[in-house]
Structure formats: structure tokens, C-alpha cells
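Participant: model the following, please.
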Amino acid sequence: MDWAPTGTGIILGYCVLFILYFPIVMLMILSFSGEPLTGIPGDWTITWYEDVIFADIARREGEAYGSNFRIGDPLLLSIMLAFITSAACVIAVLIVGPVLPRIRWRGPFLVGFLMPLMIPGIVGGVGLFMWYRLVIHVKMGVWSLVLAHFVWAFPFALLAMLVVASRFDTRLMEAAEDLGAKPWQRFWQIEIPILKPGIYAAGFFGFLLSFNELPFSIFMRAGQDTLPLYLWIQSGAHNTTVPLIYAMSTLVTVASVGLTFLAIRLAFGGQNANK
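Facilitator: Residues are numbered from 1 along each chain as shown. Okay, here's the model as predicted:
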């Protein structure tokens, strides 16, 4: 019996898409509105984007500017943390991912690696803070933010790698060994090309999840404000910088979507071209 989508299913699907994307689209529209806090688009302007860009530039050059929205330092910190977390995730999944599907007792290890997915970010952040700051008395800093972001992003990166590594044919490595290939040659010429989609996906998840991470950052920072944390603080402030969040959120959304398409292109573009 052939299955065909029903009208109810199609309508429900459109409703889900509406719930998912309407708030984002509405935020982007309001970012060009003269009074975004009213929730009614109109009086179109790019003033908020100008303030986001030029306020921080003027501050860095020692000039006075009407807006006190300082986005430069949080943005640079978030980008730096995202790159470090992405690199750490790639290295970690290259070590763990190819081995995990082939070991005998992989179940407990897999549960242990994926456990952070089941723990709320607030609980994980509090736990890490209490352990490092209150138990072993280690001062928080950039390193603690990197650690917290890695703890959050690594399970997603590992899942992406396992999708590829679980289908890896180990007979290719055995054949290369029989033909005299050295370990580093088998790794670079056979294993890395086959695992490339998982590597790109792991790096992508590490970067994007770190860049947008908030709950862990609240507890693991030491005076530094990441971009999500800075926007969260500004959104609770009753001042004139609140409308700028609409513009900054739109820019972050566009950049995230662009990064997603780039990651998909890198991971699967080469495979499609070879077919």
C-alpha cells in the first residue's frame, strides 16, 4: 500500500515550521524597524546596525558616541573560544571516534561520553564551577570557558563522527598494512579521507555550539563576557541599547546560517562531485 501525506500531516508540518522560524524572521524584520520594542514593523531604518558597528569602533579610537553598546570584545572572545573548542573537538573525536565502534565494551564508554547531553547546562555549569572554584580552588579564566564549551560540544561532535566511523571498513587498513604502508600513511591517506565528513561535522558543531553557548559561560567566566552572555545581560537592562540586540542577533543568525551551508558544502560537496 502506497503511503501518501494527508492534508492534516501537511498542515501540521507547516505549523511546526511556522513555530520554528516565525520568531526568527520577525526578529530580523524588527531589526530594521524604528521602534522594534513595540513588536510592530515600520519606520524602516538601519540605525541599529550603524550603532552596533560604529559604537565599538568609536570607543576603540577614543571618540565619543551616542551608544554604549560594546560588542567588539565579547565577539572576539566568542570567536576565539569557538575556534579553540572546534579544534579540540576535532582532535578528540579523531582519537575516540574511530576506536569506539571497534572495542568490546563500547556501551558504557558511549554512555559516559554522551552523558553531558542529558544534563541541563545550568546544572553542568554549577557543577564545574563548584568543583574547580570551591573544591580545588582554581581561579576561573579563559581556560575554564574553553573547558566548559568543550564539555558541551564534544558529545555532538562525537555523534557526528560515529555516524561515519561506524561504517568504516577496517579491511582497508589491513590491506594497506599488507602492502607495506606505514601507520602514518594509513592514517593520512586512508583514514582521514574516509572520515572527512565526520571531521568537518565535528569542527562545525564545536564552533557553532561554543559560539552560541550561554548556561556554562554564566558560571565558568572570570569577568569575561562572551557574545551570548553580553547580549543576555543587555536584554535584561532597561536602557537604550536593548534595540541593538535585534540587529546583532540578526547578524549572528545570518553568520550561523552561512557557516552551516559552508560546513555542509565542505563535508558533502566533494563526495557529490566524485559521483
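Participant: surely Q185 is in contact with L179?
Facilitator: No. Because the distance of 9.8 Å does not satisfy C-beta atoms under 8 Å, Q185 is recorded as not touching L179. In this view, the C-beta of every residue, glycine as well, is placed from N, C-alpha and C.
Participant: between those two, which has more neighbouring residues?
Facilitator: Q185 (13 against 9; other C-beta atoms under 10 Å).
Participant: for the helix or strand hosting the more buried one, which outside residues touch it?
Facilitator: Taking DSSP states H and E as the criterion, the element that holds Q185 is helix 183-186. Residues outside helix 183-186 that contact it (C-beta atoms under 8 Å, 6 or more residues apart in numbering): M173, A176, E177.
Participant: pLDDT wise, what is the residue nearest to the last one when sequence neighbours are not counted at?
Facilitator: Sequence neighbours aside, R186 is the residue nearest to E177 in space, at 6.6 Å (criterion: C-beta to C-beta, 6 or more residues apart in numbering). The per-residue pLDDT reported for R186 equals 79.
Participant: neighbours of R186, how many?
Facilitator: When neighbours are counted by other C-beta under 10 Å, R186 registers 18.
Participant: likewise P74?
Facilitator: For P74, the tally of surrounding residues (other C-beta under 10 Å) stands at 21.
Participant: repeat for G223
Facilitator: Residues near G223, counting by other C-beta under 10 Å, number 6.
Participant: for it, helix, strand, or coil?
Facilitator: The three-state assignment at G223 reads coil, by DSSP: H, G, I helix; E, B strand; the rest coil.
Participant: against I71, how distant is it?
Facilitator: Taking C-beta to C-beta, to the nearest Å as the measure, G223 falls 17 Å from I71.
Participant: next one: W48
Facilitator: Counting by C-beta to C-beta, the gap from W48 to I71 is 12 Å.
Participant: can you check M140 too?
Facilitator: 23 Å.
Participant: and if you look at V16?
Facilitator: Between V16 and I71 the distance, using C-beta to C-beta, works out to 33 Å.
Participant: ok, the two, which is more surrounded?
Facilitator: Neighbours of V16 and I71, each counted by other C-beta under 10 Å, are more numerous for I71; the result is 22 against 10.
Participant: for the more buried one, give me phi and psi.
Facilitator: The main-chain torsion angles of I71 are listed as degrees, to the nearest 10 and equal phi -100, psi -10.
Participant: my guess is it meets Y49, correct?
Facilitator: No. Contact status for I71 versus Y49: not in contact, 11.5 Å apart, counting by C-beta under 8 Å.
Participant: I264 and V257, how far apart?
Facilitator: Here the criterion is C-beta to C-beta. By it, I264 lies 11 Å from V257.
Participant: for those two, indicate the residue with more neighbours.
Facilitator: Neighbours were counted for I264 and for V257 using other C-beta under 10 Å; I264 has more, 14 against 11.
Participant: quick one: V138 and T38, what's the gap?
Facilitator: In this structure, V138 and T38 are separated by 47 Å, where distance is defined by C-beta to C-beta.
Participant: quick one: low-confidence ranges for the stretch 151-275 of the chain?
Facilitator: The model of the stretch 151-275 of the chain has pLDDT under 70 over residues 237-241, 267-275.
Participant: so where do the helices sit in it?
Facilitator: Taking DSSP state H, counting those that start in this stretch as the test, the helices found in the stretch 151-275 of the chain are 171-178, 183-186, 192-211, 215-220, 227-235, 244-274.
Participant: fine, thanks again, bye for now.
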